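Trainee: Prediction below, plus the sequence it came from.
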Amino acid sequence: MAQDATRRARTGWPVLASLKAYRAGALPADLVAGLTLAAIAIPEQMATARLGGFAPQIGFFAFIAGSVGFALLGANRFLSCGADSTITPIFAGGLALLAATGSPEYQTFAVALALLVGILLVASGLFRLGGIANLLSVPVTVGFLVGISVHILVSQLPGVLGLPAPSGPMLAKLAVLAGELGHANIFTVVIGLGVLAVVAGCAAISEKIPGALIALIAATVAVIAADLEAKGVHVVGAVPATLPTPSLPEISPEKWARLIPLSLLIAIVVMVQTAAVTRAFPSDPEKPADVDRDFLGAGCGSLLSGLFGAFPVNASPPRTGIVSETGGRSQLAGLFAAAIVLALLAFGASLLQHVPEAALGGVLLFVALRIIRFGQIALIYRQSLAEFLLIVATAAAIIVLPIEQGVALGIALSLLHGIWSITRAHLVEFERVPATTIWWPASPHHAGERTSGVAVVGFQAPLTFLNAASFRADMQQLLQTRTPAPRLLVLEANSIPEIDFTAAQTLRELFKICAETGVTVAVARLESLRAQAAFERFGIYEVLPRDHIFHSVHEAIEALGGGKG
């Protein structure tokens, strides 16, 4: 009973967590936020569905499912979940390898993918795998967004120019479009670029202004008033006034298996973006974000999206920002927006048939330009050329390769970047701060003192198989070249959070060598509980007496007679 109560206290309500202790006085604010969110979401969800090769109503289904699913199981009060332009190009590219874009089979694969992604996200939430969200470093994430942006831009240019969409690799598409510019439809170009200008202008004034909706209405009125359909302007066409009904896709086990790699890729990207949104717009700034609980919400959204015939959904940074900035207090804002979209589907679908496709393309051009983090790119370029090159490499991989392969390579680059950072770690010598008992890493920026016969060293990284060999080489070089030869070696372990089996064996061997050569070894500030457990688990105390573990370097030097510290 007590354990159950503790578990409930940690995880909160099983459903509708953002409505816990909800007060009726917050309802007007949620209704205003929901109305604003709907005005932003309607054109955006239509455009994102078009980006993926789906009918506009499928984007609405995804938004409704994402909103309801996240409200049920998510924790964040502001987060908006639905069709998202970050993941749509990725899974659209992957699905296009399995079926023709827009075909019934393509739609079936998208539904199955949504279910698989939902299962993976729910599992990650239940097993508290929030750390997976850290798989992408900031430079890789920035490069990833640049690559996705280019894909969106190139995919929408034909619609904005009124030209047939070319096929083939990205660079080949650009070459074809460049050669066909002279055949662009001037009316289509004006609509697409006009919508882009209106959306960008409204965003510059205030994010609360539904610029995309205003531009879409104006473009639709222009199409009808000037009979632009007769002049080659393509429109969305009839949108069925039907509501989704739950069903499961009928595909063979081998086709389910073919979707697993793509579903893993999409799930990782969703986790990264959901965690970023949750941390950027916390429900309570004084408490840590419940990332794992929000994975449950996003996963439930994808499951519902699949059940109702749509595609995977994701957390949206701009829509979440709108809910927060317009005073939303809970997920009721998202549910109200979903209700508005549902009403539009049921009673106002005919209003959408004259919406020009170029207008949706203009909305997506704005989205594509907006997701490029120009300021962050410039900052990284100034501060770390190596990591700037990582941005370039990630973006190039996503642009040049098939998009799902490029994203997979980007994740691999992020992991390699992390591994490279760990392997660069080397032994650091410590010196005593004059007139104190504090030992600090040696630096040309401050004067330090050494104690004769004592060597104090540290290692500022996890000690693992990746760097155990360099650690050993650095330690042996210090023992052989230090003059006079040290009688006491103190390992300052405060910055060693983890020790694996390979590194533990290296420590054992080094401690044995020191004992054989008459060097006394001590370990100071072994503060990490995982490192302490490694000393026990891997038998390091068999070669290092337990009383050689100290709370400070000064204490170790005083106790083991290496001289006054």
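Mentor: Nice, thanks for sending it over. Residues are numbered from 1 along each chain as shown.
Trainee: which non-adjacent residue is nearest Asn314?
Mentor: Asp84 (3.6 Å; CB to CB, 6 or more residues apart in numbering). From N, CA and C alone the C-beta is placed, and that goes for glycine too.
Trainee: for Gly93, same thing?
Mentor: That would be Ile403: by CB to CB, 6+ apart, it lies 3.8 Å from Gly93.
Trainee: which ones are touching the one you found?
Mentor: By CB atoms under 8 Å, 6 or more residues apart in numbering, Ile403 lies in contact with 89-90, 93-94, 147-148, 151.
Trainee: And it, how close does it get to Ala100?
Mentor: As judged by CB to CB, to the nearest Å, Ile403 and Ala100 stand 17 Å apart.
Trainee: Same check on Phe61?
Mentor: From Phe61 to Ala100 the distance is 21 Å (CB to CB).
Trainee: of the two, who's got more company?
Mentor: Phe61 (28 against 11; other CB atoms under 10 Å).
Trainee: host element of that one?
Mentor: helix 56-73 (DSSP states H and E).
Trainee: Could I get the CA-only coordinates of that helix as PDB?
Mentor: This file holds the C-alpha atoms of helix 56-73, laid out as PDB (Å, rounded to 0.1, in the frame of the first residue of the first chain):
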ATOM      1  CA  PRO A  56      -5.900  17.900 -46.000                       C
ATOM      2  CA  GLN A  57      -8.400  16.100 -43.800                       C
ATOM      3  CA  ILE A  58      -5.700  13.600 -42.800                       C
ATOM      4  CA  GLY A  59      -3.700  16.400 -41.200                       C
ATOM      5  CA  PHE A  60      -6.800  17.400 -39.300                       C
ATOM      6  CA  PHE A  61      -7.300  13.800 -38.100                       C
ATOM      7  CA  ALA A  62      -3.600  13.900 -36.900                       C
ATOM      8  CA  PHE A  63      -4.100  17.100 -35.000                       C
ATOM      9  CA  ILE A  64      -7.300  15.900 -33.300                       C
ATOM     10  CA  ALA A  65      -5.700  12.600 -32.300                       C
ATOM     11  CA  GLY A  66      -2.500  14.200 -31.100                       C
ATOM     12  CA  SER A  67      -4.400  16.800 -29.000                       C
ATOM     13  CA  VAL A  68      -6.600  14.200 -27.400                       C
ATOM     14  CA  GLY A  69      -3.900  11.700 -26.900                       C
ATOM     15  CA  PHE A  70      -1.500  14.100 -25.200                       C
ATOM     16  CA  ALA A  71      -4.200  15.600 -23.100                       C
ATOM     17  CA  LEU A  72      -5.000  12.100 -21.800                       C
ATOM     18  CA  LEU A  73      -1.500  10.900 -20.800                       C
END
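Trainee: The helix or strand following it: partners in the sheet, and parallel or antiparallel?
Mentor: The C-terminal neighbour of helix 56-73 among helices and strands, as given by DSSP H and E, is strand 81-82. Strand pairing for strand 81-82, using DSSP bridges, gives strand 314-315 (antiparallel).
Trainee: Next, the angle from the helix or strand following the partner strand to helix 56-73.
Mentor: Downstream of strand 314-315, the next assigned helix or strand under DSSP H and E is helix 317-325. Calculated by axes from the mean of the first three to the mean of the last three CA atoms, to 10 degrees, helix 317-325 forms an angle of 50 degrees with helix 56-73.
Trainee: Enumerate the positions of the helix or strand following helix 317-325 that are buried.
Mentor: Counting by DSSP H and E, the next helix or strand C-terminal to helix 317-325 is helix 332-347. Under the neighbour-count criterion of 16 or more other CB atoms under 10 Å, helix 332-347 has 332-338, 340-342, 344-345 buried.
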